[in-house]
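1. Return a 3D structure for these sequence lines:
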Amino acid sequence: MKKTFDLSGRRAVITGGSRGIGAAIAETFVAHGAQVAICHFGDEANARSLVERLSSQGTPIHAMSCDVSDPHAVKDFARWTASVLGDVDIVVNSAGVGGGDRPFDKTDDDDWDRIVGINLRGTMLVTRAFFGGMLVRRYGRVINIASQLAYKGAPGLAHYCAAKAGVVGFTRALAYEGAPHGVMVNAIAPGPVDTELLRSHSEEWLTMKRSQLPIGRFGVVDEIAPTALLLASAAGAFYAGQTLSPNGGDVML
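-> You can find the predicted model right below:
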């Protein structure tokens, strides 16, 4: 079973990898033998801390700042990744940003473009930077981080829900193109997870949300990372176009 989840020799890119779910996935991948490069956006302190901590375990990881919504920045990131890792086997699109709680009629163009630009356009841009090479080598894993709100929706989050629903649709469509060439594209749609994004809500909102969950609590990042390990490893070889939902019962599909 250990060999099934072994990532030795695999090279992985994780966006939004300096904290939260992305950092937990980076740590899990390193623990299972992968070489890892992460990107972040203006989060130097957390990125440096993660690199130092994980590199001290014997497998150096690499970090670079990158705005995933900027195509030029993504191209620079891809070139840098090639120099530090070589060919990339696994891409995890974890970079994302929340939208706050803003009614749709108070959402301006800049709000919409920022949320969709990072959560959906960024996922597309980063995937595109590595997908062609995976097709040529006839091996790859793309794992997109969506959200249970792609299915459920939420007031005040039309832009975020639309972006994450787009990630799910993008995942399904791209899986048709990748699977015949050994490139498996899947997504993870977490429920409420104890991260900075969740803690930005009011205590009243958190209490209300917690009461809605059948499991009675919020998740932690270490409960999401194993799903990424499954999809990245040999154990996930039969998954294509799927969205797995560790969400504490918030959405039951």
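2. what about stretch 191-203, start to end distance?
-> Using Cα to Cα, to the nearest Å, the end-to-end distance of stretch 191-203 comes out at 18 Å.
3. for stretch 12-28, same thing?
-> Terminal residues of stretch 12-28 are spaced 11 Å apart (Cα to Cα).
4. Report the rounded mean pLDDT for it.
-> Averaged across stretch 12-28, the pLDDT comes to 97.
5. Okay, helices next: where are they in this structure?
-> In the chain, the segments counted as helices under DSSP state H are 20-31, 44-55, 71-84, 109-116, 122-137, 149-152, 158-178, 196-199, 203-212, 225-232.
6. between the first one and helix 225-232, how big is the angle?
-> If you take axes from the mean of the first three to the mean of the last three Cα atoms, to 10 degrees, helix 20-31 sits at 60 degrees to helix 225-232.
7. Ok, the fifth one next?
-> Interaxial angle, helix 122-137 versus helix 225-232 (the same axes, to 10 degrees): 30 degrees.
8. Buried by neighbour count: which residues of helix 122-137 qualify?
-> Taking 16 or more other Cβ atoms under 10 Å as the basis for neighbour counts, the residues of helix 122-137 that come out buried are 122-127, 129-131, 133-135. C-beta: built from backbone N, CA, C; applies to glycine.
9. Single out the most deeply packed of the helices of the chain.
-> Here the criterion is mean neighbour count by mean count of other Cβ atoms under 10 Å, and of those the winner is helix 20-31, at a mean of 24.
10. so what secondary structure elements neighbour that one?
-> Using 3 or more Cβ pairs under 8 Å, 6 or more residues apart in numbering; DSSP states H and E as the contact criterion, the elements in contact with helix 20-31 are strand 11-15, strand 35-40, helix 44-55, strand 90-93, helix 225-232.
11. sorry, back to before: ok, so of the buried residues of helix 122-137, who is nearest Val92?
-> Out of these, the one with the shortest distance to Val92 is Val126. That distance is 9.3 Å, counting by Cβ to Cβ.
12. Contacts only, for that closest one.
-> Under the criterion of Cβ atoms under 8 Å, 6 or more residues apart in numbering, the neighbours of Val126 are 13, 15, 68, 74, 77, 91, 93, 95.
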